[in-house]
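Colleague: Only the shape, not the letters, is given here:
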């Protein structure tokens, strides 16, 4: 059973189609990155999955059930900005959430410690910095110990230190085995945390796959020699090399399956070219993301 | 139910504007009670007399009239309770709490129910407040013989309850649609106390108005709610007054309650938050 499955989910605002027939599913334990440029439909998707936006067409199921308020209680979610009543303090804000989620005896102090706000528990929400507001929102999402967490741009607007703290917090939560849906445009973050990802562009799904697999397609081999011209000649005769780019006096080779640094080195050695530089460059999700978007331009 | 009331209580008990407005409504209740006595004393000191009778013996505070006398005037001050509702709900929208409540697992219907429970509590509370202030003034100022009639005309309380409940439901609908506290408050104030009284009075009383249209004035929302408690004062210059509630008057108001709640639900259900 999938944690979440959508079928042809569509949202139209007058003439604009914000999301067009999105079908995807998320399995238990996935840390699922939802990627896409601004305005690609990430928040629209999450809004519909959380019943604050009405789908124009299509449907979705949480935990294999027709979505209801009950299923939302098993989800901890923050959508866009952290939302609390400004005149409530941290403890009172979490009490309100605990009542709604039917866990009136939830461990509020424990959650406040987890997100590092225990010292500020009697301070009003309106006195909090943005980073603290974000952390309180994550605390609220954690309250009922949900099976699924939805985090929409959790590092938006944070300072560098706040981003590092937030990333650490997400990684800690992911380590507890929860299913996480993380919408972000910080690809580095998604690459570090996520197991799977989906790319949206102008309301369409353009890619869905496993982060590890997507990155292993991306491995490139970097070579250099004292005589770059000879090197280039020999390399252009090597069929398994799909693409060769010159970067800072070295060649960046995109290679087909089965080609390794070893096989290239051996080939060049047979051609009597001695390398001064040989290294493997891991792919980045950023590169992959840009490739995917470029393909669909 | 209890859960929804608890949620509302957490939201309201720390909200300053709630206590300030609630306090002023209670103070108004007490002042309204005293005004009658002040006017009578003023008239007496001015040397006014009515067919040779001193105004100070006008039985404003006799049971059961004291409650209707107060309830009629307090009917205009129910806007204070409406303002509490407007400010707190608009605050919830602007700080995106409604949206977050839904995300956290409240259904839209539950959210609406929680507001209706608040409205119900306000209405019951106002009835109790009216009962208590009337009782206190009555105990001091009523003519002793009127205590025999203490339990007469209890339908005034039902009428007052319905008036406030219906008006707050109407306010809820307007607030949900407009969501801007300033506009809603000014709009409600002008509509309730000026625009609708004028229009409905015009329809009912304008000399050239065809008789067929005259009763329509009684179907306007605010007027129909005010009609539940008729002005009691004419009786003091010996005119007939209506001190009971008719089935038709109740039916019209119940109709407005149903429209307000029904439309609120429909609006909330189809709107993006």
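Modeller: Received, thanks. Because the structure is predicted, anything quoted here is derived from the model rather than measured. Numbers count the residues shown, from 1 in each chain, chains lettered A, B, ... in the order given.

Colleague: The spatially closest residue to residue A:47 that is not a sequence neighbour - how many residues pack around it?
Modeller: Leaving aside its sequence neighbours, residue A:47 sits nearest to residue A:53 (Cβ to Cβ, 6 or more residues apart in numbering or on different chains; 3.7 Å). (Glycine included, C-beta is placed from N, CA and C.) Neighbourhood size, residue A:53 [other Cβ atoms under 10 Å in any protein chain shown]: 22.

Colleague: dump the residue contacts of residue B:180.
Modeller: Applying Cβ atoms under 8 Å, 6 or more residues apart in numbering or on different chains, we find residue B:180 in contact with residue B:90.

Colleague: Ramachandran coordinates for it?
Modeller: Main-chain dihedrals, residue B:180, degrees, to the nearest 10: phi -110, psi 110.

Colleague: now swap in residue A:279 and tell me
Modeller: phi -150, psi 160.

Colleague: Might you report the residue contacts of it?
Modeller: So residue A:279 contacts A:221, A:222, A:261 (Cβ under 8 Å, 6+ apart).

Colleague: which SS class is the residue nearest to residue A:47?
Modeller: coil (DSSP: H, G, I helix; E, B strand; the rest coil).

Colleague: right, and residue A:88 touches residue A:125 too?
Modeller: Yes - taking Cβ atoms under 8 Å as the definition, residue A:88 is a contact partner of residue A:125 at 5.9 Å.

Colleague: what does the stretch 101-250 of chain A put close to chain B?
Modeller: A:101, A:102, A:104, A:140 (Cβ under 8 Å from any Cβ of the partner chain).

Colleague: Closest one of these to chain B?
Modeller: residue A:101 (5.4 Å; Cβ to the nearest Cβ).

Colleague: Now do the closest one, the pLDDT please.
Modeller: Per-residue confidence at residue A:101 stands at 95 (pLDDT).

Colleague: Chain A: helices as residue ranges?
Modeller: Secondary structure of chain A, counting by DSSP state H: helices at A:42-49, A:69-73, A:90-100, A:108-114, A:130-142, A:160-175, A:187-193, A:211-216, A:228-236, A:261-270, A:285-295.

Colleague: can these go into CSV with extra columns for mean neighbour count and distance to residue A:205?
Modeller: Listed next are the helices of chain A as CSV, based on neighbours: other Cβ atoms under 10 Å in any protein chain shown; distance: least, Cβ to Cβ, whole Å:
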stretch, mean neighbour count, distance to residue A:205
helix A:42-49, 23, 10
helix A:69-73, 18, 23
helix A:90-100, 24, 32
helix A:108-114, 17, 34
helix A:130-142, 23, 25
helix A:160-175, 15, 23
helix A:187-193, 18, 16
helix A:211-216, 15, 15
helix A:228-236, 14, 37
helix A:261-270, 14, 34
helix A:285-295, 16, 11
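
Colleague: for stretch A:226-245, the distance to its chain's centre please.
Modeller: 36 Å (Cα atoms, centre = their mean, to the nearest Å).

Colleague: residue contacts, residue B:118?
Modeller: Contacts of residue B:118 (Cβ under 8 Å, 6+ apart): B:8, B:12, B:85.

Colleague: The same query, at a cut-off of 6 Å, please.
Modeller: Counting by Cβ atoms under 6 Å, 6 or more residues apart in numbering or on different chains, residue B:118 touches residue B:8.

Colleague: how many neighbours does residue 19 have?
Modeller: In the absence of a named chain, this looks at chain A. 27.

Colleague: meant chain B actually
Modeller: Other residues close to residue B:19 by other Cβ under 10 Å number 13.

Colleague: got a pLDDT number for it?
Modeller: So residue B:19 comes in at 97 (pLDDT).

Colleague: Where does it sit, in terms of helix or strand?
Modeller: helix B:16-45 (DSSP states H and E).

Colleague: Quick check: bridge partners of residue A:65?
Modeller: residue A:62 (DSSP bridges).

Colleague: Okay, it and chain B: tell me how far apart.
Modeller: Separation of residue A:65 from chain B (Cβ to the nearest Cβ, to the nearest Å) stands at 14 Å.

Colleague: ok, and what's touching stretch B:189-205?
Modeller: By Cβ under 6 Å, 6+ apart, stretch B:189-205 touches B:79, B:213, B:214, B:216, B:217, B:220, B:222, B:223.

Colleague: Include pLDDT, secondary structure and distance to residue A:248 when you put those residues into CSV, please.
Modeller: Shown next, in CSV, are the contacts of stretch B:189-205 (pLDDT from 0 to 100; DSSP: H, G, I helix; E, B strand; the rest coil; distance: Cβ to Cβ, whole Å):
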residue, pLDDT, secondary structure, distance to residue A:248
B:79, 94, helix, 74
B:213, 85, coil, 88
B:214, 86, helix, 91
B:216, 87, helix, 85
B:217, 86, helix, 86
B:220, 92, coil, 80
B:222, 92, helix, 78
B:223, 92, helix, 83
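
Colleague: Now the two most distant members of these.
Modeller: Spanning the widest gap among the contacts of stretch B:189-205 are B:79 and B:213, at 27.9 Å by Cβ to Cβ.

Colleague: quick one, which of these two is more surrounded?
Modeller: residue B:79 (18 against 11).

Colleague: Of the residues of the stretch 101-250 of chain A next to chain B, keep whichever come out buried.
Modeller: A:101, A:140 (16 or more other Cβ atoms under 10 Å in any protein chain shown).

Colleague: pLDDT weak spots in the stretch 1-150 of chain B?
Modeller: B:50, B:52 (pLDDT under 70).

Colleague: Run a quick neighbour tally on the nearest residue to residue A:125 once chain neighbours are set aside.
Modeller: Using Cβ to Cβ, 6+ apart and skipping residues adjacent in sequence, the residue nearest residue A:125 is residue A:84, 4.5 Å away. Look at residue A:84: counted by other Cβ under 10 Å, it has 25 neighbours.

Colleague: Phi first, then psi, for residue A:84.
Modeller: The phi/psi pair for residue A:84 (degrees, to the nearest 10) is phi -140, psi 160.

Colleague: try the one 4 residues further on
Modeller: The phi and psi values for residue A:88, taken as degrees, to the nearest 10, are phi -90, psi 150.
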